[in-house]
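Asker: A predicted structure for the sequence below; I have some questions about it.
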Amino acid sequence: MTTTQLSVVVPCFNEAAVIERFHSAVENVLGPSNLDYEICYVDDGSTDRTPDLIRQLGFADPRVRYVVLSRNFGKESAMLAGLRMSRGQAVVLMDADLQHPPELIPRMLELHARGYDQVVPRRDRAGDGVVRTLLSRGYYALVRHLMDVKVLDGAGDFRLLSRHAVDTVLSLPETNRFSKGIFSWIGFSTATFTYRNAQRLAGSSKWGSRRLLNYGIDGLLSFNNRPLRLAIYTGFWCLLVAVVYATWVVIDVAVHGTAVPGYATLLMVVVALGGVQLITLGVIGEYVGRIYHEVKRRPPFVVQETDEYPSQGPHPSS
Ligand code: UDP
Ligand code: MG
């Protein structure tokens, strides 16, 4: 039996418009090499023809393996499914929309051969919207302050992982996953290089601003309890300000004798403190929600079909 040297893991959600072009682009890069590789497609509950297309790719090429998830579980789960099915000594995670250029794979393999367990191409932000760039910059600055793990701006999920690193990632038991953090958390020797950002070839991004925001909050909360710390500190500061202000008021009354009508200030303080308390409650609630989610021990995804157990899918007329 030969061992697979490389697995290319590709989460796909409604990528019918690009998947074939993606496939030939990867074949063009890897075909001529005499690498023993496999391409693992994970269909993340697409509603278009994506599952049909990867099924066809699978029939046509024994190096293609796939799983079809039973519904859309999100990219994190799809990546996890792909990592689980991968058998390669090195695994490259990439998007189906050709934003992650397959031409970089040889360079990544080269760095891996030099002993790096993780190879991370970082994209510059050329061509991204100004607002989105600024927001992501700000976010990463915040993340650097709040998180124990280091997440680099522009370093996405596109990366090569050694088998050792993949096994480590898979051994983590949590269901709620924030891969960027996990990849950084596991450590190992990491090489990075920058590449030119490309825009999605066809189809549309699945990350609206709302989804990105939620993803961002997930990222902040899933790695430590620093937001809770922040709540405590905020509490202390408020208390300090209140004590100083109260002292001043008492002295003022003692000296001048009259209390000023404080309706407006009182209202302000009540509203401001109410806001702080609600935010704090929200932060606590998020953590409790996460605990709730984790203790249920549900699997992060459900597999409906694999290349070993193919199905025809529902009949088109039904
Ligand atoms: N994706 C997925 N499940 C989802 C959303 C996205 O598997 O619920 C896949 C998608 O098919 C693509 C990759 O994740 O291969 C990145 O998605 P997208 O290009 O929409 O994100 P962006 O590049 O805009 O960050
Ligand atoms: Mg994309």
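Answerer: Sure, I can see it. Here the structure is a predicted model, which is why all the values come from computation and not from measurement. Numbers count the residues shown, from 1 in each chain. Ligands and ions are numbered 1, 2, ... in the order given.
Asker: neighbours of residue 210, how many?
Answerer: Counted with other Cβ atoms under 10 Å, the neighbours of residue 210 add up to 8. In short, each C-beta sits where N, CA and C put it, glycine included.
Asker: against ligand 1, how distant is it?
Answerer: Residue 210 sits 13 Å away from ligand 1, taking Cβ to the nearest ligand atom, to the nearest Å as the criterion.
Asker: that residue is in what secondary structure piece?
Answerer: In the assignment (DSSP states H and E), residue 210 maps to helix 209-221.
Asker: tell me the helix or strand right after that helix.
Answerer: Tracing the chain C-terminally past helix 209-221 and defining elements by DSSP H and E, one meets helix 226-256 next.
Asker: surely residue 78 touches residue 15?
Answerer: No. The pair residue 78 / residue 15 is not scored as a contact, 11.1 Å apart, by Cβ atoms under 8 Å.
Asker: these two - which one has more neighbours?
Answerer: residue 15 (30 against 25).
Asker: from memory that one sits against residue 49, does it?
Answerer: No. In this structure residue 15 lies outside contact range of residue 49 using Cβ under 8 Å: 9.7 Å.
Asker: now do the shared contacts for those two.
Answerer: By Cβ atoms under 8 Å, 6 or more residues apart in numbering, residue 15 and residue 49 have no common neighbours.
Asker: averaged pLDDT, stretch 58-68. What do you get?
Answerer: For stretch 58-68, mean pLDDT rounds to 90.
Asker: typed the wrong thing, it's stretch 290-303
Answerer: For stretch 290-303, mean pLDDT rounds to 87.
Asker: please apply the same query to stretch 17-28.
Answerer: Averaged across stretch 17-28, the pLDDT comes to 91.
Asker: which helix in this protein has the most residues?
Answerer: The helix that spans the most residues within the chain, counting by DSSP state H, is helix 263-295.
Asker: helix, strand or coil for residue 67?
Answerer: Three-state call for residue 67 (DSSP: H, G, I helix; E, B strand; the rest coil): strand.
Asker: surely it and residue 51 touch.
Answerer: No. Using Cβ under 8 Å, residue 67 is not in contact with residue 51, being 10.1 Å away.
Asker: give me the common contacts of the two.
Answerer: Shared contacts of residue 67 and residue 51, defined by Cβ under 8 Å, 6+ apart, comprise 43, 305.
Asker: poorly predicted segments of this structure, please.
Answerer: Scanning the chain for pLDDT under 70 picks out 1-2, 126-128, 147-149, 152-154, 199-204, 206-208, 259-260, 310, 312-318.
Asker: and it, which residues reach ligand 1?
Answerer: Counting by Cβ under 6 Å from any ligand atom, the residues of the chain lying close to ligand 1 are 11-13, 15, 44, 72, 74-75, 78, 95-97, 99, 200, 205-207.
Asker: let me see the ranges of the helices in the chain.
Answerer: Per DSSP H, the chain carries helices over the ranges 19-30, 50-60, 75-85, 105-113, 130-146, 163-171, 179-185, 209-221, 226-256, 263-295.
Asker: for ligand 2, find the nearest of those helices.
Answerer: Nearest of the helices of the chain to ligand 2, taken as Cβ to the ion: helix 75-85 at 9.9 Å.
Asker: how about the CA coordinates for that closest one, as PDB?
Answerer: Provided in PDB are the C-alpha atoms of helix 75-85 (Å, rounded to 0.1, in the frame of the first residue of the first chain):
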ATOM      1  CA  LYS A  75     -17.300  26.300   7.200                       C
ATOM      2  CA  GLU A  76     -15.700  25.400  10.500                       C
ATOM      3  CA  SER A  77     -17.500  22.000  10.600                       C
ATOM      4  CA  ALA A  78     -17.000  21.400   6.900                       C
ATOM      5  CA  MET A  79     -13.200  21.900   7.400                       C
ATOM      6  CA  LEU A  80     -13.300  19.500  10.400                       C
ATOM      7  CA  ALA A  81     -15.100  16.900   8.300                       C
ATOM      8  CA  GLY A  82     -12.400  17.300   5.600                       C
ATOM      9  CA  LEU A  83      -9.600  17.000   8.100                       C
ATOM     10  CA  ARG A  84     -11.100  13.900   9.500                       C
ATOM     11  CA  MET A  85     -11.400  12.200   6.100                       C
END
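Asker: nearest to ligand 1: which residue in the stretch 201-318 of the chain?
Answerer: As assessed by Cβ to the nearest ligand atom, ligand 1 sits closest to residue 205 within the stretch 201-318 of the chain, at 3.2 Å.
Asker: ok, that residue - how many residues close by?
Answerer: Residue 205 has 11 neighbouring residues, counting by other Cβ under 10 Å.
Asker: quick one: it from residue 301, how far?
Answerer: Residue 205 is 21 Å from residue 301, where distance means Cβ to Cβ, to the nearest Å.
Asker: noted, bye for now.
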